[in-house]
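Undergrad: compute the structure for the input listed below.
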Amino acid sequence: MTPFGHKLRAMRAERKVTLKTMADALGVSPAYLSSLEHGRRGAPTWYLVQRVITFFNVIWDEAEEIERLAQISHPRVVIDTSGLGPEATEFANKLARQVGNLTESDIGALLDLLNVRLKSGLKSSRT
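TA: From the prediction side, this is the model:
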């Protein structure tokens, strides 16, 4: 499941909206919406994200959060380590091979570490 899919499913459940009702309102199939929620589809288009925001009638911070989650929700990620040191390439390859074997706790710890580094000024020239 992607961050966007998780949020979408939570919002539907909170508001007691069926998959079919929401899919009809957004102009997509229930199968597509289900695949999006479960992370079996790529990140949603900007247009679809705006329709979701309108459908749930959210504004400001929550709308920005939905947009942010959509941007980080592509389930097939490519990491370009060309031009970086061998450790970066090794790290990216090991992470790609082992991410499915990590526990939620492991993933949370790695994500926390990365977020701390980003907040402390770690800048990437590749964004």
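
Undergrad: contacting residues for the residue lying closest to E37 once chain neighbours are set aside?
TA: Counting by C-beta to C-beta, 6 or more residues apart in numbering, E37 lies nearest to G5, which is 4.1 Å off, once chain neighbours are set aside. C-beta: built from backbone N, CA, C; applies to glycine. With C-beta atoms under 8 Å, 6 or more residues apart in numbering as the criterion, the residues that contact G5 are 36-39, 73.

Undergrad: just the pLDDT at H74, thanks.
TA: What the model reports as pLDDT for H74 is 86.

Undergrad: now do it against T18, distance only.
TA: 26 Å (C-beta to C-beta, to the nearest Å).

Undergrad: between the two, tell me which one has more neighbours.
TA: H74 (15 against 10; other C-beta atoms under 10 Å).

Undergrad: can you report phi and psi for the nearest residue to that one once chain neighbours are set aside?
TA: Spatially, and ignoring its direct neighbours in sequence, H74 is nearest to A43 (4.3 Å; C-beta to C-beta, 6+ apart). The phi and psi values for A43, taken as degrees, to the nearest 10, are phi -60, psi 150.

Undergrad: run a quick neighbour tally on A43.
TA: Residue crowding around A43 was assessed by other C-beta under 10 Å; the count is 20.

Undergrad: thought E67 was touching it, still the case?
TA: No - using C-beta atoms under 8 Å, A43 is not in contact with E67; the gap is 11.0 Å.

Undergrad: about what we covered before: now, of the contacts of G5, which are buried?
TA: 36-37, 39, 73 (16 or more other C-beta atoms under 10 Å).

Undergrad: quick check: domain ranges of this protein?
TA: The record's domain split for the chain, according to automatic domain parsing, is 3-71, 77-127.

Undergrad: would JSON lines of those domains with mean pLDDT be doable?
TA: Formatted as JSON lines, the entries for the domains of the chain read as follows, by pLDDT from 0 to 100:
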{"stretch": "domain 3-71", "mean pLDDT": "95"}
{"stretch": "domain 77-127", "mean pLDDT": "87"}
